[in-house]
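J.: Mind looking at a prediction? Sequence and model below.
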Amino acid sequence: MEKERGHDDVSRLVAERTGRGTGWQKGEPAQRAIEQRVHELLAPGLTKERATQIALLNNPHLQQVYADLDVSQADLVQAGLLSNPTLSGSVGFHVGGPGHLEYEGSLVQSFLDIFLLPMRKRIAKEQFLAATLRVAHEALAVSAEVSRALVEVQATEQMVALQQSTAFAGEATAMLARSQFEAGNISQRMLSTESANSEQERLDFERSKLELVERREHLNRLLGLWGDQVAWRVAGPMPALPALDPAPEQLENIAMRQRLDVAAARAQNELLADALGVARSSRYTGVVNIGVHAHQDADGAQLLGPTLSLELPIFDQRQAMIGRLDAQRRQAGRRLEELAVDARSEVRVASAKLAAAREASERYARRLLPQRAIELEQTQLEYNAMQIGLYELVQTKKEQLAATREYFSALRDYWVARADLESAVGGRIPDVVTKGGPR
């Protein structure tokens with residue numbers, strides 16, 4: 001078998017949709033090369049492109065899925081082979097008489113097997129194509145999940161940093177409140193309020209650190225990393241909003257052309273239609289065996305000639321097989337319709353989420369955060385003029401940090417929605433369907 005057959009097609013299909021090819025660990029040298037490539041990709045820090053490439057090379061689940069191609073290729077090779085001929089013979093002895101021997105032999109090959117060979121090979125090729133599309137679709141699904149997981153890590157890292165600043169500010173405020181209470185300048189209620197706020201902010205900080213660990217480990221599993229490899233760092237924070245967003249008008253049609261699960265379902269439907277046609281065309285043709293037969297009589301006469309045996313399809317005319325294939329073909333057709341409806345719906349939902357996340361991110365970036373910055377600046381001036389106390393200044397700073405965390409959350413939602421939309425359309429979104437984003 002050609003070991004690369006199918007794997008090259010999967011890599012091409014995935015590269016067309018993501019810009020990055022797959023990697024198949026087909027043996028020790030290839031596995032060492034992949035390990036070296038993973039090390040090279042981790043060294044400068046993870047980006048979306050590098051993380052996706054690592055997953056396509058090293059994800060354990062994908063390596064299992066890639067092996068499905070070898071199984072399908074074995075079926076393809078088997079479909080192109082004729083069944084072995086049958087050699088039979090017998091020897092007879094005259095009991096109680098002269099010691100002459102009588103023997104006969106025959107060599108038989110199924111004629112129907114030869115007749116159906118081209119149709120079997122065509123069906124096997126269609127089955128192999130469907131398997132290739134399914135494997136490539138799995139690779140794209142993992143790629144999309146990696147994009148989402150990396151954004152979650154980036155957002156959580158930024159939120160942890162902000163939560164740490166909030167916790168430090170709360171601790172400083174609580175220490176000041178303790179000093180002022182001991183000096184008799186504030187009440188027990190105010191001290192308890194500031195102490196409780198500080199403890200809550202510290203708990204929120206610890207919770208956010210655990211969330212970061214969980215996010216990183218989820219990405220480690222997707223990338224197939226362990227040992228020293230898990231000490232990777234992210235190359236940078238989440239990117240800002242892009243200037244352009246996909247226009248939803250053409251995305252459904254693009255999904256119908258690009259989605260590999262839809263293409264695999266379409267290929268499976270055609271495959272079952274062909275198999276049903278073969279079964280119907282040969283329903284009245286039983287097993288036909290042809291060959292040569294040799295016979296040696298005891299008196300010395302030798303016979304040699306052709307042999308033919310026919311199965312008479314009187315009772316079994318493949319009714320059950322045809323009925324099963326017909327039902328499976330109908331199922332495949334309904335499955336294709338279901339996938340097409342679901343794909344279009346997923347595109348619409350992801351497009352709506354993307355628009356909503358952009359709207360929220362823009363409101364934070366263009367309206368709320370600038371207002372919070374002005375508020376903090378004015379509060380600082382009032383504090384410098386001794387018009388307000390330190391507690392009001394610290395509270396204003398906490399509110400600014402909280403607004404920044406919410407902005408990061410909205411920006412994360414945007415990039416997750418973008419990954420969902422790319423997954424819904426089956427790959428990268430062509431530039432020709434983008435439109436202006438900022439308003």
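T.: It's in. Residues are numbered from 1 along each chain as shown.
J.: by contact count, what packs against the helix or strand that Glu152 is a member of?
T.: Following DSSP states H and E, the helix or strand that holds Glu152 is helix 111-182. Judged by 3 or more CB pairs under 8 Å, 6 or more residues apart in numbering; DSSP states H and E, the packing partners of helix 111-182 are helix 7-18, helix 48-58, helix 60-79, helix 188-223, helix 260-281, strand 288-296, helix 390-425. For the C-beta atoms, the positions are set from N, CA and C on the backbone; glycine is no exception.
J.: How about the fifth one, which residues are buried there?
T.: When you say that, I think you mean helix 260-281. Neighbour-count burial for helix 260-281 flags 260-272, 274-276, 279 (criterion: 16 or more other CB atoms under 10 Å).
J.: picking up where we left off before, which among the helices and strands packed on helix 111-182 is found nearest to Ala231?
T.: Among the helices and strands packed on helix 111-182, the nearest to Ala231 by CB to CB is helix 188-223 (10.1 Å).
J.: what about the closest one, distance to the chain center?
T.: 32 Å (CA atoms, centre = their mean, to the nearest Å).
J.: Ok, stretch 350-366 next?
T.: 26 Å.
J.: any residues touching that stretch, and which ones?
T.: 241, 245-246, 248, 251, 403, 406-407, 410-411, 413-414, 416-418, 420-421, 423-424, 437-439 (CB atoms under 8 Å, 6 or more residues apart in numbering).
J.: Just the buried ones from those, in PyMOL syntax?
T.: Restricted to buried positions by 16+ other CB under 10 Å, the PyMOL selection for these reads:
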select buried, resi 241+245+246+248+251+403+407+410+411+413+414+416+417+418+420+421+423+424+437
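J.: hmm, back to that, can you tell me which of the helices and strands packed on helix 111-182 is most buried?
T.: For those, average neighbour numbers computed from mean count of other CB atoms under 10 Å are highest in helix 48-58, which has a mean of 23.
J.: lowest-pLDDT helix or strand in the chain?
T.: strand 434-436 (a mean of 55; mean pLDDT, DSSP states H and E).
J.: where does the stretch 151-300 of the chain have low pLDDT?
T.: Low-confidence segments of the stretch 151-300 of the chain, defined by pLDDT under 70: 284-289, 295-300.
J.: Also compute the angle for the helix holding Glu152 relative to helix 48-58, please.
T.: If you take axes from the mean of the first three to the mean of the last three CA atoms, to 10 degrees, helix 111-182 sits at 130 degrees to helix 48-58.
J.: which one is Ala357 nearest to, not counting chain neighbours?
T.: Tyr414 (3.8 Å; CB to CB, 6 or more residues apart in numbering).
J.: Touching, the one you found and Pro239? I think so.
T.: No. Contact criterion CB atoms under 8 Å: Tyr414 and Pro239 do not qualify, at 9.8 Å.
J.: about what we covered before: and the pLDDT at the residue nearest to Ala357?
T.: Looking at Tyr414, its pLDDT is 95.
J.: Kindly report the same for Ala74.
T.: 79.
J.: leaving aside the residues next to it on the chain, what's closest to the residue sitting nearest the centre point of the chain?
T.: In the chain, the residue lying closest to the centroid (CA atoms, centre = their mean) is Ala141, at 2.1 Å. Closest residue to Ala141 apart from its sequence neighbours, by CB to CB, 6+ apart: Ser423 at 6.9 Å.
J.: Can you name the residues that contact that neighbour?
T.: Contact analysis of Ser423 by CB under 8 Å, 6+ apart lists 140-141, 144, 346, 350.
J.: what about 10 Å?
T.: 140-141, 143-145, 147-148, 255, 259, 346-347, 350 (CB atoms under 10 Å, 6 or more residues apart in numbering).
J.: Check Ala161 too.
T.: 208, 237, 401, 404-405, 408.
J.: Ala343 now?
T.: Neighbour list for Ala343: 252, 255-256, 258-259, 261-262, 424-426 [criterion: CB under 10 Å, 6+ apart].
J.: How much space separates it from Glu337?
T.: Ala343 sits 11 Å away from Glu337 when distances are taken as CB to CB, to the nearest Å.
J.: Then Asp261?
T.: Distance from Asp261 to Glu337, by CB to CB: 13 Å.
J.: and Pro239, that one's in a strand?
T.: No. Under DSSP: H, G, I helix; E, B strand; the rest coil, Pro239 sits outside any strand and is assigned coil.
J.: Check whether it really touches Val151, as I assumed.
T.: Yes. If you go by CB atoms under 10 Å, Pro239 and Val151 touch, sitting 9.4 Å apart.
J.: Common neighbours of those two, please.
T.: With CB under 10 Å, 6+ apart, Pro239 and Val151 have common neighbours 48, 411, 414-415.
J.: quick revisit: Pro239 and Val151: who's more crowded?
T.: More neighbours surround Val151 than the other of Pro239 and Val151, with 23 against 13 (other CB atoms under 10 Å).
J.: Would you mind confirming that the more buried one is in contact with Tyr414?
T.: Yes. With contact defined as CB under 10 Å, Val151 and Tyr414 form a contacting pair (8.9 Å).
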